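Peer 1: This is the structure alone, sequence omitted:
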């Protein structure tokens with residue numbers, strides 16, 4: 001799976017569209033697990049901590065995340081509560097390479113969605129996990145962190161010898 005980036009205008013247009021609900025009746029559990037496995041490999045290869053389906057060219061409400069050694073795969077996510085307390089911290093994005101900037105997010109959120117079997121789930125998150133969930137849900141709604149950042153700056157990232 002290739003991660004789509006905004007430098008490609010067709011890919012940026014796709015990234016800025018709202019995604020379609022994930023319909024569990026169209027996929028077997030094996031297909032769902034294979035999809036998660038492929039997304040996880042793409043996220044790991046890019047050294048990311050979150051990845052939404054539209055970032056790999058799929059029009060599906062689905063994201064994965066790995067925070068504090070815990071892995072999440074959330075289908076049809078919706079943030080149902082935002083705390084009034086906010087914090088701003090640096091964000092970057094696999095689809096917006098080498099660009100970073102401070103972005104304001106709710107300190108605590110409640111996220112509802114479904115797990116890989118379609119079972120309803122509810123997660124209360126704060127700190128980094130809340131930030132990642134908000135970032136990924138924004139992706140699925142066609143928003144990028146650069147739309148919310150208070151300033152943007154470019155950082156040149158040196159490629160290691162193992163990267164191609």
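Peer 2: Cool, got the structure. Everything numeric here is computed off the predicted structure, so don't read it as measured data. Numbers count the residues shown, from 1 in each chain.
Peer 1: use CA for all of it now, contacts and neighbours both
Peer 2: Will do.
Peer 1: Quick check, residue 124 in contact with residue 111.
Peer 2: Yes - with contact defined as C-alpha atoms under 8 Å, residue 124 reaches residue 111; the gap is 6.4 Å.
Peer 1: okay, these two: which has more neighbours?
Peer 2: Taking neighbours as other C-alpha atoms under 10 Å, residue 124 and residue 111 compare with residue 111 leading, 21 against 13.
Peer 1: helices or strands up against the helix or strand of the chain with the lowest mean pLDDT?
Peer 2: Using mean pLDDT, DSSP states H and E, the weakest-scoring helix or strand in the chain turns out to be strand 153-154, at a mean of 92. Other helices and strands packing on strand 153-154, by 3 or more C-alpha pairs under 8 Å, 6 or more residues apart in numbering; DSSP states H and E, are strand 96-106.
Peer 1: Flag every buried residue along the strand it packs on.
Peer 2: Within strand 96-106, the residues that count as buried by 16 or more other C-alpha atoms under 10 Å are 96, 99-106.
Peer 1: I'd like to check what contacts stretch 88-96. Which residues are they?
Peer 2: Outside stretch 88-96, the residues that touch it by C-alpha atoms under 8 Å, 6 or more residues apart in numbering are 3-7, 46, 48, 55, 98-105, 145.
Peer 1: got a list of what the most centrally placed residue in the chain touches?
Peer 2: For the chain, the residue sitting closest to the mean C-alpha position, by C-alpha atoms, centre = their mean, is residue 136 at 3.0 Å. For residue 136, the contact set (C-alpha under 8 Å, 6+ apart) comprises 50-52, 63.
Peer 1: counting contacts, what elements does the top helix by length along the chain pack onto?
Peer 2: The residue-count maximum for a helix in the chain (DSSP state H) belongs to helix 29-45. Packing partners of helix 29-45 (3+ C-alpha pairs under 8 Å, 6+ apart): strand 50-52, strand 62-67.
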